[in-house]
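Visitor: predicted model follows, preceded by the sequence.
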Amino acid sequence: MREIRDDVARWFETGSDVALAQVTKTWGSSPRVPGSVMAVSDRGGIAGSVSGGCVEGSIIQAALDCLEGRQGASLERFHASTARAQEVGLSCGGNIEVLVGRYDRALFETECAELDAERSYVRLSLVEGPEGMEGGVCGLLVSPDAAARSPT
């Protein structure tokens, strides 16, 4: 979060919509760990990384598709043995899942407040569930001292 914070704040300040991609799971060799994030603005800005460059192109496209309304939140899966992984350049031999969805400004601001106060927090997301119940990337923020519900 710290690595993307300044860029995301600037994008929201200028009226951009933002998508957040977060590594949810890895197996085998992977350059980034679960929890790693990348943000994409509707104007093409990119901050952070989910794979050290291996699958970023596909993730950026999924983020833009989400922001432009062509798809909702999505769980992107890349397995080194699949043709898709080879196409996008996942050559490290590992597997990675990345949740991509619209990033809510109010929740971003709450996360920033938690970071500023040096409080621990957890961002909860419903990755899979009944049709229409998936909450996207930032469904709920929980900390010992504060909780915020995303309007999405």
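Guide: Thanks, I have the structure now.
Visitor: give me the phi and psi angles of C54.
Guide: phi -60, psi -50 (degrees, to the nearest 10).
Visitor: how close does it sit to V23?
Guide: 12 Å (Cβ to Cβ, to the nearest Å). Just so you know, the C-beta spots here come from the backbone N, C-alpha and C atoms, and that holds for glycine as well.
Visitor: shared neighbours of these two, anything?
Guide: Common contacts of C54 and V23 (Cβ atoms under 8 Å, 6 or more residues apart in numbering): I96.
Visitor: quick one, strands of the protein?
Guide: 18-27, 37-41, 46-48, 74-79, 95-102, 122-124, 140-142, 147-149 (DSSP state E).
Visitor: parallel or antiparallel, list what pairs with the longest one.
Guide: Sheet partners assigned to strand 18-27 using DSSP bridges are listed as strand 37-41 (antiparallel), strand 95-102 (antiparallel).
Visitor: dead centre of the chain: give me the residue that sits there.
Guide: The chain has A21 as the residue nearest its centroid, 1.9 Å off, counting by Cα atoms, centre = their mean.
Visitor: for that residue, give me its contacts.
Guide: 37-40, 50, 59, 62-63, 76, 98-100, 137.
Visitor: try 6 Å
Guide: M38, V50, I59, A63, V98, V100 (Cβ atoms under 6 Å, 6 or more residues apart in numbering).
Visitor: hey, what's it bridged with?
Guide: Assigned bridge partners for A21, using DSSP bridges, are M38, V100.
Visitor: and it, how close does it get to G69?
Guide: In terms of Cβ to Cβ, A21 sits 17 Å off from G69.
Visitor: same question, V33
Guide: V33 is 31 Å from G69, where distance means Cβ to Cβ.
Visitor: okay, now the unreliable bits of the chain?
Guide: In the predicted model of the chain, residues 80-93, 126-152 satisfy pLDDT under 70.
Visitor: change it to 90
Guide: 1, 24-35, 51-55, 69-96, 104, 106-107, 110, 114, 117-152 (pLDDT under 90).
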